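Colleague: fold the stuff below for me.
(4 chains)
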2 protein chains.
Amino acid sequence: MKRKRLRSHCPINFGLESFADKWSLLIVRDIIFRGKTTYGEFLKSEEGFATNILATRLTHLEEEGILEKRVNPDDARKNQYWLSEKGLDLVPMLFEMILWSSKYDPKSEARRITKLVEQIRKDNRKISHKIMERLRKGLPIFPEYLD
Amino acid sequence: MKRKRLRSHCPINFGLESFADKWSLLIVRDIIFRGKTTYGEFLKSEEGFATNILATRLTHLEEEGILEKRVNPDDARKNQYWLSEKGLDLVPMLFEMILWSSKYDPKSEARRITKLVEQIRKDNRKISHKIMERLRKGLPIFPEYLD
DNA sequence: TTGATTCACTTGCATATTGCAAGTAAACGG
DNA sequence: CCGTTTACTTGCAATATGCAAGTGAATCAA
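Modeller: Sure thing, here's the model as predicted:
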């Protein structure tokens, strides 16, 4: 969890330097919404990770303490990446991002998961905690919200 | 408001491509929290914008419809950048980011604005709307929250 | 009115980061 | 033991960044 000197301790800057490049947050998304855990699964994402970029970002997120790497006991080739509590705590912010995109991107995929978006709008904190609880158990988002 | 083809319409990706490089969101922050409006003011930010980077990011945010550029009627050299409604709508997400950083950065400046952080924790939506209302009038964050 | 200054950029160039293709090494499966 | 899968690493061309210097319009001071 090393870190090359922060530009500042402004909380917005801290967030930017922790996770907000064009790729890192997609990994977090893949874990939360798609239930992905391995390098190979992330690699298949539609945005198209380059192999080296994915590797550096996984390392970065691990160093930041947002991800935790574990070896799959059933197949030692497959490393698994899980969200730490610090990573899980990104859920409420991601949900606000979803609300924003849903409002301003006419083609947003968020417009197809209206149940979840509605829950977030009504009470982000409440639904976030529910989802985080599920993620701790290794389960992704409630499937019934993704219809 | 051009845009080179999005990688996807995933709402997280849409946010990332709209504002989440290491610089753009700092401009938004400067407007909301520091009441800045001009190129010269942004340039003084502690994170240290390079002049060309600042210029490209201002253009980008304008093209995204997050900022609006106006000429200062009192001094035609000084362009002013204001948040559009789309830009203002980033406030709730920025506030969640502040909560997260406040929790995980021991040196976070957010830990010195406990009143605001407390308000966000209690009811992000409510305090966000209040702040957005002020920003529409050209006023930054309530000064009493920044003690 | 004119010359100096301010302001918002733009340009040039060295350095750093990205993206693609190819390669490697350990673990598994037969 | 041998081919395959998985998770990376490496090389290299293309792109983006960061710093210093320059430009041009608007304002100010005399």
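Colleague: which helices and strands does the longest helix seen in chain A pack with?
Modeller: Ranked by residue count under DSSP state H, the longest helix found in chain A is helix A:114-136. Applying 3 or more Cβ pairs under 8 Å, 6 or more residues apart in numbering or on different chains; DSSP states H and E, one finds that helix A:114-136 contacts helix A:24-34, helix A:85-88, helix A:91-104, helix B:114-136. Any C-beta I mention is one placed from the backbone N, CA and C, and that applies to glycine too.
Colleague: pretty sure residue A:7 sits in a helix.
Modeller: No. Using DSSP: H, G, I helix; E, B strand; the rest coil, the secondary structure at residue A:7 is coil, not a helix.
Colleague: and the closest residue to it other than its chain neighbours, how many residues sit next to it?
Modeller: Nearest non-adjacent residue to residue A:7, counting by Cβ to Cβ, 6 or more residues apart in numbering or on different chains: residue B:47, 4.2 Å away. When neighbours are defined as other Cβ atoms under 10 Å in any protein chain shown, residue B:47 has 17 of them.
Colleague: contacts only, for residue B:47.
Modeller: A:7-8, A:10, A:13, B:23, B:26 (Cβ atoms under 8 Å, 6 or more residues apart in numbering or on different chains).
Colleague: quick one: the helices and strands packed on helix A:114-136 as TSV, columns for distance to residue A:141, mean neighbour count and mean pLDDT too.
Modeller: As requested, these are arranged in TSV below (distance: least, Cβ to Cβ, whole Å; neighbours: other Cβ atoms under 10 Å in any protein chain shown; pLDDT from 0 to 100):
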stretch	distance to residue A:141	mean neighbour count	mean pLDDT
helix A:24-34	6	22	97
helix A:85-88	13	19	98
helix A:91-104	10	23	98
helix B:114-136	21	16	97
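Colleague: DNA strand D is nearest to which of the ones you listed?
Modeller: Among those, the nearest to DNA strand D by Cβ to the nearest atom of the strand is helix A:24-34 (11.5 Å).
Colleague: gap between the next helix or strand after the closest one and the chain center?
Modeller: Using DSSP states H and E, the helix or strand that follows helix A:24-34 in sequence is helix A:39-43. Centroid displacement of helix A:39-43 relative to its chain, using Cα atoms, centre = their mean, to the nearest Å, is 14 Å.
Colleague: kindly report the same for stretch A:78-88.
Modeller: For stretch A:78-88, the distance to the chain centre is 9 Å (Cα atoms, centre = their mean).
Colleague: contacts for that stretch?
Modeller: So stretch A:78-88 is in contact with A:27-28, A:31-32, A:37-40, A:42, A:58, A:61-62, A:64-72, A:90, A:132, A:135-136, B:104, going by Cβ under 8 Å, 6+ apart.
Colleague: need the three-state assignment for the one residue in chain A that gets nearest to DNA strand C.
Modeller: Proximity of chain A to DNA strand C (Cβ to the nearest atom of the strand) peaks at residue A:76, 3.1 Å away. The assignment at residue A:76 comes out as coil when based on three-state DSSP.
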